[in-house]
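[1] from the sequence below, what's the structure:
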Amino acid sequence: MTAETANEKHGFQTEAKQLLQLMIHSLYSNKEIFLRELISNASDAADKLRFEALSNDSLYENDPNLRIRISFDADAGTLTIDDNGIGMTRDEAMANLGTIARSGTSEFIKNLSGDQQKDSQLIGQFGVGFYSAFIVADKVDVFTRKAGAAAADGVHWSSTGEADFDIATLEKAERGTRIVLTLKEEGKEFADNFRLRSIIKKYSDHIAIPVEMEKLHYGEEEKPETPEYEAVNDATALWARSRQEVSDEEYQTFYKHISNDFQDPASWSHNRVEGKLEYTSLLFVPKKAPFDLYHREASRGLKLYVQRTFIMDDAEQFLPLYLRFIKGVVDSNDLSLNVSREILQQDPAVDSMKNALTKRSLDMLSKLANKQPEVYQEIWNEFGSVLKEGPAEDANNKEKIAKLLRFATTQSETSVQDQSLENYVSRMKAGQKDIYFVCAENFNTAKHSPHLEVFRRKGIEVLLLTDRVDEWFIAHLNEFDGKSFKDVAKGSLDLGELEDESDKKAAEEASETNKALLERVQAILADEVEAVRATTRLVESPACLVVAEDEMGLQMRKLMEAAGQEVPSAKPTLELNVDHALVAKMDTETDEDRFAELSHLLLGQAKLAAGDQLEDPATFVARLNKLLLELSN
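    Numbering: from 1, shown residues only. So this is what the prediction gives:
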C-alpha cells in the first residue's frame, strides 16, 4: 500500500456514539460474538460479489475463489479478518461504518434485558454487528476497495470508538475488506490459534465459503516461507446436505446465522423436492418476534439461492405476508441465475414453490400446536396477530389457519389467548349453531361487556376478541367447522334453539308493555340513536348499544380511523332492560327535563360500557353530578 491521501476526520452519528459506548463499557460477558459478526459480514460481502458478478464477471479480477482469512499477531496484539468480497467505496464506508442503518440503536437499547449475554446476542439482529469489534478492540482499522474500482481508490477507515473516525484514500491492490483489530489487554485472549479455531467451528462452520487460517505445523515439520492456509470451517452449504448428516446443533447455529437471532428456533423443516420442479428448502419457526415485525418497510422473506449461488437476501415472493416471520433458505435448480425480483413475480414456478412452502410452514406450526402445545403457545403470543392476517390473504389455506388460531373466552381466567376453535366447538351447547364473539378494546372490557349477560346466565361460551384486527379478520374467516361467527353486539339477538318459548314470549310482552317508554326515550335521543327497543341481551345492566348486522363495529371503526380511512356514519340502536330498577324509575318520571337527563345518562353509560369515548364528557359528568346531588338531598 502507498501513502494515504485525503485524510478526513468525521463525527459519528449520534446513535452510533450511543452504541459504541454500550459496546465498550457494558457488553463484555460474551465477547467472542464479535468474531461471529465480523465473519458473517464478510460472508455477506462474498455473496454480494457473487451476485454482482453474474452480470459482470470481470469483478472477480482474475480471483474467483472467494474466502475469508483470519490471522493474528500475538506480539503486536492484533487480529485481522480479511475477505475478498465486494468491498466498499469511500462513500459506502462513510455510510456503513459511520452511521447505523434502520435506526437500530434506539430499538436496540429499548430491547435490552439487563442480561449481558442475551443483550450482546441482540447485536446482529439490529444490524449493528460491525460495532461489536469494539468489545475487544481499542482501535479498529478497515482497509477496503470496491470490486471493479481502481487500486488507487482504496479506503482506510480508522476509529478508537470515541466521538469520531478518520477516513483516507490509499492504494489497495486486492479487492475486498481487511479489518485489523488492535486488541485491548483483556481481548488478547483472541490472539490465539486454538481459541480462534474453536470460535470459527462454533459459529461459522456452516458458512458456504472457506474461513481460512494459517496451516498448523507440528514438531520437526518445517514451516514454509510463504504461509499456507487451510479452511477451518466445513464450507458446505448446510441445506445441500442430507438431513441425516446435519445435527440439531448445526441447524440451530445455522438459524442464528441467517436470522441474527440469539435463541434457538422453535422448529425447522428441511426438504428436497424433485420432479417437475427441483429445489431445496430449509425453513425455521422463530421463538421471538423481531423488533421490526410490524414495520411495513422492513425487509422480509427467504434467502434465495440458485444452484448454490446466492441471489438475494429477502425474497418475499416465496411466502405470503402473514408468514413473514418464517426464516430460511430456498435453493432452486429451475430459476435463472440472473433472476430479479420483477421476474420472480411473473414466474409460474415461483407460484408453485410458494404454495408448497406455505403448506410446509403451516404444517410445521400445526405439528407444534398438536405435539408441543406449550411451545406453540409461545409462538402464538409472539406471532398470533400476524397469523390473523391469513384468512383474508390465503383463502386456500383458511381451514389450516383457523385451526392455528387461539382465543380468550368467557371461560378464561386471564387474557392469555390459549383456546382453539376446535376446543370451543367441542364445548358448544346442544342446539348451538353459531360461534359467538364480542369485540372490545381489552380483556376486562370484553369480559364485563353487558352484551354477555344473557350468555353468562345460559352458560354459553363466547370468544373475547381484543386485537384491533379481530373484527376484520373474523369477517374473512366467516365460518369454522360449519359454524358461522356471530357478533353478540350486532343485530337482533336470536339464540335459536338455545332460547325457550317462555323467553321469546316474555321479550315480546316487554316490548309491547313498554312501548310508550321506548318511544319516549327515542324522541329524546333521536339525533344520536337509530332506534330504542327492549333488550333480550341484558340481565343486570340497564342499557347497551348494538349496531345493525351489516354495520361496522366499534373496533373496526377505530381501526379504519387510525388508518386515516373515512368511516361512514351510522347510528347505533339503544337497547333498554325494562326490568332494571333505573329504567322502571324512568317510566314513572313526569318531569320531562329530568327524563331527558336520565335518557342521556343511560346512553353515555352504554357507550362507556362498550369501550367507546364520549363526545362531550364534561356534559355527561355534569348530568351525573346533578343526579347525585338530587339523590343526596
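
[2] tell me the contacts of the residue positioned nearest the centre of the chain?
    In the chain, the residue lying closest to the centroid (CA atoms, centre = their mean) is Leu293, at 2.7 Å. Taking CB atoms under 8 Å, 6 or more residues apart in numbering, we find Leu293 in contact with 324-325, 383, 386. Where you see a C-beta, it was placed from the backbone N, CA and C, and this is true even at glycine.

[3] nearest to Asn271 among those residues?
    The shortest approach to Asn271 among the contacts of Leu293 belongs to Phe325, at 19.2 Å (CB to CB).

[4] helix or strand: which one has the spatially closest residue to the closest one that is not a sequence neighbour?
    Computed as CB to CB, 6 or more residues apart in numbering, the closest residue to Phe325 that is not its neighbour in sequence is Phe383, at 5.0 Å. Counting by DSSP states H and E, the element that carries Phe383 is helix 373-387.

[5] quick check: next helix or strand after that helix?
    Sequence-wise, the next helix or strand downstream of helix 373-387 (DSSP H and E) is helix 390-393.

[6] buried stuff in that next one?
    Buried residues in helix 390-393, counted by 16 or more other CB atoms under 10 Å: 390-391.

[7] what comes into contact with that helix?
    320-323, 397-398, 401-402, 472-473, 476-478.

[8] looking at those residues, which are in helices?
    Judged by DSSP state H, the contacts of helix 390-393 include 398, 401-402, 472-473, 476-477 as members of helices.

[9] count the neighbours of the residue nearest to Phe325 for me.
    Per other CB atoms under 10 Å, the neighbour tally for Phe383 reads 23.

[10] that one and Leu323 touch, don't they?
    No. Using CB atoms under 8 Å, Phe383 is not in contact with Leu323; the gap is 9.0 Å.

[11] now do Leu181, the pLDDT please.
    On pLDDT, Leu181 comes in at 97.

[12] next, the contact list for it, please.
    78-81, 133, 136-137, 139-140, 187.

[13] just those now: which is nearest Gln346?
    Ile81 (40.2 Å).

[14] how about that closest one, phi and psi?
    Backbone geometry at Ile81, expressed as degrees, to the nearest 10, gives phi -120, psi 120.

[15] ok, the residue nearest to the centre of the chain to Leu321 distance?
    Distance from Leu293 to Leu321, counting by CB to CB, to the nearest Å: 11 Å.

[16] let me see the contact set for Trp380.
    Counting by CB under 8 Å, 6+ apart, Trp380 makes contact with 387, 404, 406, 417-418.

[17] re earlier: narrow the contacts of helix 390-393 to those that are buried.
    Applying 16+ other CB under 10 Å to the contacts of helix 390-393 flags 320, 322-323, 397-398, 401-402, 472-473, 477 as buried.

[18] dump those residues into JSON lines; add pLDDT and distance to His451 as well.
    Shown next, in JSON lines, are the buried ones among the contacts of helix 390-393 (pLDDT from 0 to 100; distance: CB to CB, whole Å):
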{"residue": "Pro320", "pLDDT": "94", "distance to His451": "34"}
{"residue": "Tyr322", "pLDDT": "94", "distance to His451": "29"}
{"residue": "Leu323", "pLDDT": "95", "distance to His451": "34"}
{"residue": "Asn397", "pLDDT": "96", "distance to His451": "32"}
{"residue": "Lys398", "pLDDT": "94", "distance to His451": "27"}
{"residue": "Ile401", "pLDDT": "96", "distance to His451": "27"}
{"residue": "Ala402", "pLDDT": "96", "distance to His451": "24"}
{"residue": "Trp472", "pLDDT": "88", "distance to His451": "19"}
{"residue": "Phe473", "pLDDT": "90", "distance to His451": "20"}
{"residue": "Leu477", "pLDDT": "92", "distance to His451": "20"}
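
[19] low-confidence stretches in this structure?
    Applying pLDDT under 70 to the chain picks out residues 1-4, 6, 12-30, 98-128, 218-221, 296-297, 563, 633.

[20] longest helix of it, counting residues only.
    Assignment by DSSP H gives helix 348-371 as the longest helix of the chain.

[21] domain map for the chain?
    With domains defined by automatic domain parsing, the chain comprises 5-231, 238-377, 500-548+567-632.

[22] quick one: closest of those to Leu554.
    domain 500-548+567-632 (5.7 Å).

[23] please put the alpha-carbon coordinates of stretch 416-435 into PDB.
    The C-alpha trace of stretch 416-435 is given here as PDB (Å, rounded to 0.1, in the frame of the first residue of the first chain):
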ATOM      1  CA  VAL A 416     -54.000 -15.300  27.600                       C
ATOM      2  CA  GLN A 417     -55.300 -16.400  24.200                       C
ATOM      3  CA  ASP A 418     -55.000 -20.200  24.600                       C
ATOM      4  CA  GLN A 419     -58.300 -21.700  23.400                       C
ATOM      5  CA  SER A 420     -58.600 -23.200  19.900                       C
ATOM      6  CA  LEU A 421     -61.700 -23.100  17.800                       C
ATOM      7  CA  GLU A 422     -61.800 -26.900  18.000                       C
ATOM      8  CA  ASN A 423     -61.900 -26.700  21.800                       C
ATOM      9  CA  TYR A 424     -64.700 -24.100  21.600                       C
ATOM     10  CA  VAL A 425     -66.800 -26.200  19.300                       C
ATOM     11  CA  SER A 426     -66.300 -29.300  21.400                       C
ATOM     12  CA  ARG A 427     -67.900 -27.400  24.400                       C
ATOM     13  CA  MET A 428     -70.800 -25.800  22.500                       C
ATOM     14  CA  LYS A 429     -74.300 -26.300  23.900                       C
ATOM     15  CA  ALA A 430     -76.600 -28.800  22.300                       C
ATOM     16  CA  GLY A 431     -78.600 -26.900  19.600                       C
ATOM     17  CA  GLN A 432     -76.000 -24.100  19.400                       C
ATOM     18  CA  LYS A 433     -75.400 -23.300  15.700                       C
ATOM     19  CA  ASP A 434     -73.100 -20.300  15.900                       C
ATOM     20  CA  ILE A 435     -69.800 -19.400  17.400                       C
END
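
[24] okay, now the spatially closest residue to Leu323 that is not a sequence neighbour: neighbour count?
    Of all residues not flanking Leu323 in the chain, Ser361 sits nearest, at 5.2 Å (CB to CB, 6+ apart). Ser361 has 24 neighbouring residues, counting by other CB under 10 Å.

[25] let me know whether Ser361 touches Leu283 as I believe.
    Yes. In this structure, Ser361 is within contact of Leu283 by CB under 8 Å, at 5.9 Å.

[26] which neighbours do these two share?
    Taking CB under 8 Å, 6+ apart as the contact rule, Ser361 and Leu283 both touch 269, 326.

[27] before we move on, the earlier item: got JSON lines for the contacts of Leu293, with distance to Ala45 too?
    Conversion of these to JSON lines gives the following (distance: CB to CB, whole Å):
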{"residue": "Arg324", "distance to Ala45": "26"}
{"residue": "Phe325", "distance to Ala45": "27"}
{"residue": "Phe383", "distance to Ala45": "31"}
{"residue": "Val386", "distance to Ala45": "32"}
